[in-house]
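Novice: What shape does this take:
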Amino acid sequence: MARIAKGTPGAPHVLIVGGGYVGMYTALRLQKQLRRELKHGEVEITIVDPNSYMTYQPFLPEAAAGNISPRHVVAPLRQVLPRCTVRNARVTELHHGERWAILQPLAGPPERISYDYLVMAAGSVSRTLPIPGLAEHGIGFKTIGEAIHLRNHVLAQLEIAESTDDEEIRRKALTFVFVGGGFAGVEALAELEDMARGAVKYMRKVNPQDLRFVLVEAADRILPEVGAEMGKWTAEQLRGRGIDVKLETFLQSAVGGFIECSDGSAFPAGTLVWTAGVKASPVVRNSDLPLNERGQVKATEYLTVEGVVRAFTAGDNAAVPDLTQEGMFCAPNAQHAVRQSKVLADNLVRSLRGKSLKPYAHNSVGSVAGLGLHKGVANTYGFKIKGFPAWVMHRTYHVSRVPTFNRKVRVLADWTLALFFKRETVSLGSIEQPRAEFELAALSDAKPRDKAKEKATENAA
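Specialist: Prediction:
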């Protein structure tokens, strides 16, 4: 039985589902626009997310490579949103027609809450395929936890290769496969390849030539966001670094860590990273909101839910019409999400005050991507930039977009320190099983006591 939570009587209650880009930035703007109403209890805002922080995902590759501390790519929701109620829970069911949602907290029974206005900003999850072995051996790359795990895993594979003379084990450990040639896949691959090459400089048995990085992409090019010409240039640059870029190729199997591709290649790999697209969060399927064939919430140009009153949506879980391209929808990227959140918040305030809404229209300024230290590619405002200038542009743009002044300063501090000190290449994989050593010690201490007890029992008999 779900417990029923009650808000302030008579005050409009805004429920924001999701604490990512759209959720956090919408709440941040609502705090500013409704400062007086929030202070006097005339409106209430609740933001629901399983995590207590928002992750700035464009910095995940740098966090995985050790260029930025993982703590500096996340923004704590309670600190950023002091005037909102932050609930760490999952929305398991939502009925907008009756204005209620069921929340499952991290601990305890489910809870039913009522609301007046809805912002569906649940975002997306990795889109996987029923490929044999993928679920058992694949590593995603959408969360800070996955970025930290991938960093530790890659460094641990290098340690395995350094610690054995078995050629089969070494070959498998030193083979790293990335599936998906979009921003996430290419940037993660490039940063981690750069990190691995730096790490093996301190090893005796492993040389940079022993490393094998493979990028598998189903399309005929990578990084479509920067255009065909720059995508081709990026592929050539990666190949020049010894990376095997397989275009128009599919992953067919990963059973037992043995990779099989549609181009006929087959080889063992100790690392398989899956970045081949995203899909709307499962939360939207557990609601009565209208969805399209891709499982996204149907949105209008005003960022309201199609055919529904007092409901707004944006970001990866929404199909938002792109007014700059007839018949197209906005791409699921951070550039749109941040800008949509501003329009969404403003329209929600207008709705509360009985004013007309404004449409969302944004011409893309272009895209930038980092390809490791001092390397990048950019296509902005029609200008195509490569190498070091593009890398500087990439860092400049993203540090300007990372939320809160606190985080900007910390990221800049990380980068500044990196100018004077070499990158840390220590694997802390043990943090993923922090009790393993203690359990082993406890079990070894328990055995002598058990034997003494058995001997005492025999003597008594």
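
Novice: what helix or strand does the spatially most central residue of the chain sit in?
Specialist: Most central in the chain under C-alpha atoms, centre = their mean is residue 142, positioned 2.4 Å from the mean C-alpha point. Following DSSP states H and E, there is no helix or strand that holds residue 142.

Novice: so what's it scoring on pLDDT?
Specialist: Turning to residue 142, the model gives it a pLDDT of 90.

Novice: try residue 363
Specialist: Note for residue 363: predicted pLDDT of 75.

Novice: Number the residues from 22 up from this point.
Specialist: Sure, I'll start numbering at 22, so the last one becomes residue 384.

Novice: In three-state terms, label it for me.
Specialist: The three-state label given to residue 384 by DSSP: H, G, I helix; E, B strand; the rest coil is coil.

Novice: Torsion angles phi and psi at it?
Specialist: phi -80, psi 130 (degrees, to the nearest 10).

Novice: Now do the contacts for it.
Specialist: For residue 384, the contact set (C-beta atoms under 8 Å, 6 or more residues apart in numbering) comprises residue 345. Yep, even glycine has a C-beta here, placed from its N, CA and C like the rest.

Novice: part of a helix, is residue 45?
Specialist: Yes. Under three-state DSSP, residue 45 sits within a helix.

Novice: which residue packs closest to it, ignoring adjacent ones?
Specialist: Closest residue in space to residue 45, ignoring its immediate chain neighbours: residue 75 at 4.2 Å, by C-beta to C-beta, 6 or more residues apart in numbering.

Novice: Find the nearest non-adjacent residue to residue 209, please.
Specialist: Once flanking residues are discounted, residue 209 sits nearest to residue 82: 4.8 Å by C-beta to C-beta, 6+ apart.

Novice: A strand includes the residue nearest to residue 45, no?
Specialist: Yes. Per three-state DSSP, residue 75 lies within a strand segment.

Novice: Could you list every helix and strand in contact with whatever helix or strand residue 252 lives in?
Specialist: Here residue 252 sits within helix 249-261, counting by DSSP H and E. Where contact means 3 or more C-beta pairs under 8 Å, 6 or more residues apart in numbering; DSSP states H and E, helix 249-261 is packed against helix 204-220, strand 265-267, strand 397-401, strand 404-407.

Novice: Return the list of strands paired to the third one, each annotated with direction.
Specialist: When you say that, I think you mean strand 397-401. Applying DSSP bridges, strand 397-401 is found paired with strand 387-391 (antiparallel), strand 404-407 (antiparallel).

Novice: ok, residue 458 to residue 178 distance?
Specialist: As judged by C-beta to C-beta, to the nearest Å, residue 458 and residue 178 stand 21 Å apart.

Novice: again with residue 247
Specialist: Counting by C-beta to C-beta, the gap from residue 247 to residue 178 is 30 Å.

Novice: quick revisit: the residue nearest to residue 45 against residue 424, yeah?
Specialist: Yes. At 6.8 Å, residue 75 counts as touching residue 424 under the criterion of C-beta atoms under 8 Å.

Novice: And those two? Which one has more around it.
Specialist: Taking neighbours as other C-beta atoms under 10 Å, residue 75 and residue 424 compare with residue 75 leading, 27 against 17.

Novice: returning to that earlier point: please enumerate the shared neighbours of residue 75 and residue 424.
Specialist: By C-beta under 8 Å, 6+ apart, residue 75 and residue 424 have these common neighbours: 45, 96, 101.

Novice: What's the local residue count around the first one?
Specialist: Residue crowding around residue 45 was assessed by other C-beta under 10 Å; the count is 28.

Novice: Pull the contacting residues for it.
Specialist: Contacts of residue 45 by C-beta under 8 Å, 6+ apart are 68, 75, 96, 98, 101, 102, 362, 424.

Novice: contacting residues around the nearest residue in space to the last one that is not next to it in sequence?
Specialist: On the basis of C-beta to C-beta, 6+ apart, the spatially nearest residue to residue 424 that is not a chain neighbour turns out to be residue 96, at 4.7 Å. Taking C-beta under 8 Å, 6+ apart as the criterion, residue 96 is in contact with 45, 74, 75, 77, 424, 425, 428.

Novice: Confirm residue 96 sits in a strand?
Specialist: Yes. Counting by three-state DSSP, residue 96 is located in a strand.

Novice: Need the per-residue pLDDT for it.
Specialist: Per-residue pLDDT puts residue 96 at 92.

Novice: Repeat that for residue 104.
Specialist: 94.

Novice: name the element it belongs to?
Specialist: For residue 104, there is no host helix or strand (DSSP H and E).

Novice: I'd assumed residue 67 was in contact with it.
Specialist: No. With contact defined as C-beta under 8 Å, residue 104 and residue 67 do not form a contacting pair (11.4 Å).

Novice: Closest one of the shared contacts of residue 75 and residue 424 to residue 209?
Specialist: residue 96 (21.1 Å; C-beta to C-beta).

Novice: in the sheet, who's paired with the closest one?
Specialist: Under the criterion used here (DSSP bridges), residue 96 is bridged to residue 75.

Novice: same check, this time on residue 292
Specialist: residue 197.

Novice: Distance-wise, check it relative to residue 275.
Specialist: Applying C-beta to C-beta, the value for residue 292 to residue 275 is 11 Å.

Novice: try residue 429
Specialist: 39 Å.

Novice: The two: which has the busier surroundings?
Specialist: Using other C-beta under 10 Å as the criterion, residue 429 and residue 275 rank with residue 275 on top: 22 against 15.

Novice: Got the confidence number for residue 450?
Specialist: 62.

Novice: quick one: contacts for the residue nearest to the centre of the chain?
Specialist: The contact partners of residue 163, by C-beta under 8 Å, 6+ apart, come to 78, 81, 145, 146, 147, 205, 299.

Novice: This completes my enquiry, with thanks.
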